[in-house]
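**Student:** can't give you the sequence, but here's the structure:
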């Protein structure tokens, strides 16, 4: 795979990790609205736009997915 560098972005993973709290707040706001109502859908569009941008710059399809962190003990036992 070819590595793509974006001028001025530096480390895209770090930048999009910093936006994780913003994404979380959008998810919390969306919970307060009727599913598939206009307010729900516009917040959903913002979340999807952030997810798409994260994928574009990091090439990780599920950048904001929950990641399981293994401890050294778990890896040694497995």
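**Tutor:** Cool, the structure landed. As the structure is a computational prediction, the values presented were derived from the model and not from experiment.
**Student:** Report the distance from the helix or strand harbouring residue 14 to the chain centre.
**Tutor:** Using DSSP states H and E, residue 14 sits in helix 12-18. Its chain's average C-alpha position is 9 Å from that of helix 12-18, according to Cα atoms, centre = their mean, to the nearest Å.
**Student:** mean confidence for it?
**Tutor:** On average, the pLDDT along helix 12-18 is 94.
**Student:** What is the next helix or strand after that helix packed up against?
**Tutor:** Using DSSP H and E, the helix or strand that directly follows helix 12-18 along the chain is helix 20-31. Secondary-structure packing of helix 20-31 (3 or more Cβ pairs under 8 Å, 6 or more residues apart in numbering; DSSP states H and E): helix 38-58. C-beta coordinates here come from the backbone N, C-alpha and C atoms, glycine included.
**Student:** The spatially most central residue of the chain and residue 22, how far apart?
**Tutor:** Taking Cα atoms, centre = their mean, the centroid of the chain lies closest to residue 64, which sits 2.9 Å from it. The gap separating residue 64 from residue 22 is 11 Å, by Cβ to Cβ, to the nearest Å.
**Student:** do residue 63 as well
**Tutor:** Residue 63 is 13 Å from residue 22, by Cβ to Cβ.
**Student:** who's more crowded, the two?
**Tutor:** Higher neighbour count among residue 63 and residue 22: residue 63, with 23 against 12, using other Cβ atoms under 10 Å.
**Student:** give me every residue that touches the nearest residue to the more buried one once chain neighbours are set aside.
**Tutor:** Excluding its sequence neighbours, the residue lying closest to residue 63 (Cβ to Cβ, 6 or more residues apart in numbering) is residue 54, at 4.0 Å. The contact partners of residue 54, taken as Cβ atoms under 8 Å, 6 or more residues apart in numbering, are 16, 19, 60, 63, 64.
**Student:** Residue 15 too?
**Tutor:** 9, 57.
**Student:** same thing with residue 58?
**Tutor:** Residues near residue 58 by Cβ under 8 Å, 6+ apart: 12, 13, 16.
**Student:** No further queries at this time; thank you.
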